[in-house]
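S.K.: next comes the sequence, and after it the predicted model I'd like to discuss.
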Amino acid sequence: MAALTINKVVSAARETFKTILSDKTVLMEHLQKLKICCNEIKASDLNITAGVTQELFSSSSRPADRKPPVSYMHLYEDEGVSMGVFFLRGGSRIPLHNHPNMYGLCKVLYGTINVQSFSPIVKDNNLDIPEFNEFQQQEGRPTTPRELLTPTKHYVTDNVTSDSDVCLLLPDVGNCHELKAVDGPAAFVDILAPPYAPDEGRDCMYYKLLTAKKGGDIKWLLEIPPPAEFWTDEIPYTGPEIK
């Protein structure tokens, strides 16, 4: 039964994201079917128990302050889609980042994850850049280059558990997000399509949410280097064979 569940998800994901190249008019219909499949998956289907995260981090030979805040378990990848599981230590987070021209689905396996996401706005050079609390202004001009700023609309902030519906992100909806483990460790299945590929313009960029002095509906994100406190290691998959 476990092998059937994970392979059903993989098969649905492959079929869904073929439509990116062939027929986008039916993509949303396929995405809804894929969401239904993903909602069925449980940690036990991947041979993952609620104690795996604790054992994973406590068994590391590295000092406590050098254990990764997040670990990754690779499940499947082809040219159209990638799948894996992220394990977060209690209180750890995957910093605010984007998925350029990509689709994504996240299904929590156990624990609680706070998701904060933003939808990018088409950049407009005529859009006034406000003053930010984080920076000093010089001669009435912002000190941050416009090309490092991304205007967005706040999409959602919510706590998500294994009982929650799959989180879905689109190229223009909820595409930038941060995920934080709440009240203990957590894990979630992550499906991305197409996979990250820097040479094809799909590089992962990290951001900081800025605070405009006068508020407003537009939320500005500042592109930053990968946060030094965030890194991952990879752990082996020991669940049913994925075909």
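M.R.: Yep, that arrived.
S.K.: ok, residue 4 to residue 48 distance?
M.R.: Look at residue 4 and residue 48: by Cβ to Cβ, to the nearest Å, they are 17 Å apart. In this view, the C-beta of every residue, glycine as well, is placed from N, C-alpha and C.
S.K.: residue 29: which element?
M.R.: helix 27-40 (DSSP states H and E).
S.K.: that helix packs against which elements?
M.R.: helix 2-22, strand 103-120, strand 176-193 (3 or more Cβ pairs under 8 Å, 6 or more residues apart in numbering; DSSP states H and E).
S.K.: apply 10 Å and report the result again.
M.R.: Where contact means 3 or more Cβ pairs under 10 Å, 6 or more residues apart in numbering; DSSP states H and E, helix 27-40 is packed against helix 2-22, strand 103-120, strand 167-169, strand 176-193.
S.K.: could you pull up the mean pLDDT of stretch 153-162?
M.R.: Average pLDDT, stretch 153-162: 96.
S.K.: what residues of that stretch count as buried?
M.R.: Going by neighbour count (16 or more other Cβ atoms under 10 Å), the buried part of stretch 153-162 is 155, 160, 162.
S.K.: pick out the residue closest to the middle of this structure.
M.R.: For the chain, the residue nearest the mean C-alpha position is residue 177 (6.1 Å; Cα atoms, centre = their mean).
S.K.: tell me the contacts of the nearest residue to it once chain neighbours are set aside?
M.R.: Spatial nearest neighbour of residue 177, excluding adjacent residues (Cβ to Cβ, 6 or more residues apart in numbering): residue 117 at 3.7 Å. Residue 117 makes contact with 96, 152, 154-158, 167, 169, 173-179, according to Cβ atoms under 10 Å, 6 or more residues apart in numbering.
S.K.: beta partners for residue 117?
M.R.: Beta-bridge partners of residue 117, counted by DSSP bridges, are residue 156, residue 177.
S.K.: point out where this structure drops to low pLDDT.
M.R.: Across the chain, the ranges flagged by pLDDT under 70 are 1, 19-24, 50-66, 136-144.
S.K.: can you do 50?
M.R.: 61 (pLDDT under 50).
S.K.: any idea how far residue 84 lies from residue 75?
M.R.: 5 Å.
S.K.: got any residues that touch both of the two?
M.R.: In contact with both residue 84 and residue 75: 189-191, 237, using Cβ under 10 Å, 6+ apart.
S.K.: buried among these? Make that a ChimeraX selection.
M.R.: A single ChimeraX command suffices to select whichever of these are buried according to 16+ other Cβ under 10 Å:
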select :189,190,191,237
